[in-house]
Each structure stands twice: as structure tokens, then as C-alpha cells.
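Q: sequence below, structure please.
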Amino acid sequence: MAGAIGTGRGLIPALILSCMSKNFLDHAYDTEGTEATRRLYDDWAASYDAEVSENGYATPERVARALHAVAPNPEAPLLDFGCGTGLSGLALRLAGFRTIDGADLSADMLELARGKELYRDLWQVDPDAGDPFEAGIYPLITAIGVIGSGAAPVTLFDTLMRLLPQGGFFAFSFNDHTLQDPAYEGRVNAWVDPGAARLHFREHGPHLPERNINSTVYIIEKT
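A: Residues are numbered from 1 along each chain as shown. Model (predicted):
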């Protein structure tokens, strides 16, 4: 379809496809439930990189740089949970991380991530199959734009923290839509306030600047 752009009869379908792709971001924050989220991201996969890039997607680079600044061993295995098409993996690679695995709900997005050749290993998450990976094997975990409105539920935060080894670092972000619900920051505080985790970094900044959407980036260490 893309090859038909600018060629007579193929122009109209290509323009329709372009308009449709822009609607994914418009509806992303309203999606609820595992299957609906999986379908959304499978359908979005082909146009995802272009659409978020057009809107100045800044959070992956912000998370990657912040984590690299505090991680005691950037060579340690890192799990990019909710890796999508691999934009987060690219940001992590450019920040200096080298041993990166990825996991995601969407098979179509994983296929695109695999094509970028950024990851040591990739697998599809099955929410009904128990823990998505073995506890303690990843001292570095990221969830960039993964937990929140239209994405994974707040319970995933506890799951990832439970599977993180003591002394491990968890880097994640909550966008403005997610921050409207106090339950999300409440889960962070539930770990940090009693001393079960230590907050190393917290910064509110650009997420999708072309849409005037920001996000808060957090780096916490499990104590």
C-alpha cells in the first residue's frame, strides 16, 4: 500500500491509511482489557513508529539516560518490558546498554522489534500464564510507557518489583493521562515510603510534545 503513494489510483487508499493511523493515538488511552489492548497494538504496529515519532516521542530517551546515570552496572542484563516495536530498545542501546531482552503483549509489534536487531531475546507475554519471567534474573527492568491508561494495569508494577532482585533498578514512566489517577503514584509510594524501595530519580518532562502531553520518569531501586 505504501508503495502506491503518489501513483494515481493508489493515492486515495494510501491517504486513507495515513488518516487511519493517526486515530490509534487518539484512542490509545481509552482502551481497556488485555484482549482489547493486544488488538489495538497489533493493528497499530505497522504505523506506530511513524505516528509517535511525528509527535516527538521523548520518553524512551529520557528513561534510558536517567537509568544509565544511576545503574551500577550498565552491562548487566536488562529487560525492556513492553518493548513494543523496539523504540525503547533503540533508546536503551544508544544510552549504552548492551544486553537487552524484550517482552510484549503484541506479536505484531514484537515482529517489528525483532527486525531492528537490538535485542538478545524477545518473547510474547501471556497474562494468563503466571509470572512473565523468572524472578531475580534481571537486575535492570524498564517499563517505558507500559503501565497506565490504555495499557497495563497498576498491578503490573507490583509484579515487576516482586521479580526484581534486591539491589535491582526499575525504570518506568507515567504519562499525564495516567497521573490523573492517584492509584499509580500511590503504588510507587507504597514501596518507597516504608523503605522497600529507594527513589533515585523523578522528573516530569516531555512525552509527546506535539500533543502537549508530558510524563514523569522514575528510577527506583529495590532495597
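Q: pretty sure Gly95 is touching Arg65, no?
A: Just to correct that, residue 95 is Ala rather than Gly. Yes. With contact defined as CB atoms under 8 Å, Ala95 counts as touching Arg65 (5.5 Å). C-beta coordinates here come from the backbone N, C-alpha and C atoms, glycine included.
Q: the protein: strands as residue ranges?
A: Secondary structure of the chain, counting by DSSP state E: strands at 78-81, 100-104, 121-124, 140-143, 169-175, 197-208, 213-222.
Q: tell me which strands and helices the fifth one is in contact with?
A: Right, strand 169-175. Packing partners of strand 169-175 (3 or more CB pairs under 8 Å, 6 or more residues apart in numbering; DSSP states H and E): helix 59-70, strand 140-143, helix 155-163, strand 197-208, strand 213-222.
Q: now those in TSV, with distance to Gln124 and mean neighbour count?
A: Compiled in TSV, the helices and strands packed on strand 169-175 are given as follows (distance: least, CB to CB, whole Å; neighbours: other CB atoms under 10 Å):
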stretch	distance to Gln124	mean neighbour count
helix 59-70	20	21
strand 140-143	16	26
helix 155-163	15	17
strand 197-208	26	16
strand 213-222	25	21
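Q: who wins for proximity to Ile100 among those?
A: Taking CB to CB, strand 140-143 is the member of these nearest to Ile100, at 9.0 Å.
Q: starting at the chain centroid, how far to that closest one?
A: With CA atoms, centre = their mean, to the nearest Å as the basis, strand 140-143 stands 9 Å off its chain's centre.
Q: each with direction, which strands does that strand pair with?
A: Here strand 140-143 is paired, per DSSP bridges, with strand 78-81 (parallel), strand 169-175 (parallel).
Q: Leu112: neighbour count?
A: 17 (other CB atoms under 10 Å).
Q: report pLDDT for it.
A: As predicted, Leu112 sits at a pLDDT of 96.
Q: list the contacts of it.
A: Ala45, Ala46, Tyr48, Asp49, Thr85, Gly86 (CB atoms under 8 Å, 6 or more residues apart in numbering).
Q: next one, pLDDT for the second one please.
A: The model reports Ala46 with a pLDDT of 88.
Q: and what of the fourth one?
A: Asp49 is assigned a predicted lDDT (pLDDT) of 93.
Q: relative to Phe157, how far out is the closest residue to it other than its chain neighbours?
A: Take Asp49 and drop its neighbours on the chain: the residue closest to it by CB to CB, 6 or more residues apart in numbering is Thr85, 5.5 Å away. According to CB to CB, to the nearest Å, Thr85 and Phe157 sit 23 Å apart.
Q: in the chain, which residue is most central in space?
A: When CA atoms, centre = their mean is applied to the chain, the residue found nearest the centroid is Ile144 (3.2 Å).
Q: re the thing from before, what would the contacts of Leu112 look like in CSV with neighbour count?
A: Compiled in CSV, the contacts of Leu112 are given as follows (neighbours: other CB atoms under 10 Å):
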residue, neighbour count
Ala45, 21
Ala46, 16
Tyr48, 23
Asp49, 19
Thr85, 25
Gly86, 27
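Q: make a markdown table out of the helices and strands packed on strand 169-175 and add mean pLDDT and distance to Tyr41.
A: Output for those, formatted as a markdown table (pLDDT from 0 to 100; distance: least, CB to CB, whole Å):
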| stretch | mean pLDDT | distance to Tyr41 |
| --- | --- | --- |
| helix 59-70 | 98 | 16 |
| strand 140-143 | 98 | 15 |
| helix 155-163 | 97 | 15 |
| strand 197-208 | 98 | 16 |
| strand 213-222 | 98 | 18 |
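Q: alright, I will stop here.
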